[in-house]
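Chemist: using only what follows, build the 3D model:
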Amino acid sequence: MPPQRRHKESAGLLLYRRTTRGLEVLLAHPGGPYWTGRNEAAWTIPKGGMHPGEGPLDTAIREFREETGFEPLPPYLPLGHIVQRSGKLVHAFAFEGDADTSLLKSEMTTTEWPPKSGKWIQVPEIDRAAFYSIDDARPLINAAQAELLDRLLNKLMNERVDR
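Modeler: Numbers count the residues shown, from 1 in each chain. Model prediction:
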């Protein structure tokens, strides 16, 4: 049996990279039939539910590995938390790095489909991931998570000023 989760609280990592085109962030698209064909406001930072006694950063690192198959590396920049429309509290951290999105390897999850049918199917937690500029990411990311993009930009600008 999987560990119990605190369903109204999750944590995730926002991977970013600096390119000749500018700053890019990695967004993940949820897997499964509910999300098929949905693009705008459907993408997310790789994140997931917290286990009892697990801290937000530990959750974020574990979930990033589970959902992408990529290894996150410190240092981690705390981005605080946001509350999604569903009421879910999402703790977020950012880290700089890179990943070959063609190598995405997401764990599978079970979901009832069609809803209330009693039929269960296996789907990947994430079906694809891609890097986007901040401007291109805004319409794609879950609306409440767009604030995390602004927080990342502010932290990186303050980092440059402090140097």
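
Chemist: which ones are touching Met131?
Modeler: Met isn't right for residue 131; it's Phe. Residues in contact with Phe131 (CB atoms under 8 Å, 6 or more residues apart in numbering) are Arg17, Glu24, Val25, Leu26, Leu27, Thr101. Just so you know, the C-beta spots here come from the backbone N, C-alpha and C atoms, and that holds for glycine as well.

Chemist: which positions in the strand ranked longest in the chain come out as buried?
Modeler: In the chain, with assignment by DSSP state E, the single longest strand is strand 6-19. Using 16 or more other CB atoms under 10 Å as the test for burial, strand 6-19 gives Ser10, Ala11, Gly12, Leu13, Leu14, Leu15, Tyr16.

Chemist: the last one touches Leu152, doesn't it?
Modeler: Think Tyr16. Yes - taking CB atoms under 8 Å as the definition, Tyr16 is a contact partner of Leu152 at 6.3 Å.

Chemist: what touches both of these two?
Modeler: Joint contacts of Tyr16 and Leu152 (CB under 8 Å, 6+ apart) are Val25, Ala94.

Chemist: could you check the angle strand 6-19 makes with whatever helix or strand comes next after the longest strand of the chain?
Modeler: Later in the chain than strand 6-19, the nearest helix or strand by DSSP states H and E is strand 22-30. Strand 22-30 runs at 150 degrees relative to strand 6-19, counting by axes from the mean of the first three to the mean of the last three CA atoms, to 10 degrees.

Chemist: and strand 22-30, what's buried?
Modeler: So strand 22-30, judged by 16+ other CB under 10 Å, has buried residues Leu23, Glu24, Val25, Leu26, Leu27, Ala28, His29, Pro30.

Chemist: other SSEs contacting the following helix or strand past that strand?
Modeler: Note on strand 22-30: by DSSP H and E, the next helix or strand toward the C-terminus is strand 47-50. Taking 3 or more CB pairs under 8 Å, 6 or more residues apart in numbering; DSSP states H and E as contact, the helices and strands that strand 47-50 lies on are strand 6-19, helix 56-68.

Chemist: just want the angle from the shortest one to strand 6-19.
Modeler: If you take the same axes, to 10 degrees, helix 56-68 sits at 70 degrees to strand 6-19.

Chemist: helix 56-68 packs against which elements?
Modeler: Counting contacts by 3+ CB pairs under 8 Å, 6+ apart, helix 56-68 packs against strand 6-19, strand 22-30, strand 47-50, strand 89-96, strand 126-133.

Chemist: of the helices and strands packed on strand 47-50, which shows the lowest average pLDDT?
Modeler: Mean pLDDT values for the helices and strands packed on strand 47-50 show the minimum at strand 6-19, a mean of 91.
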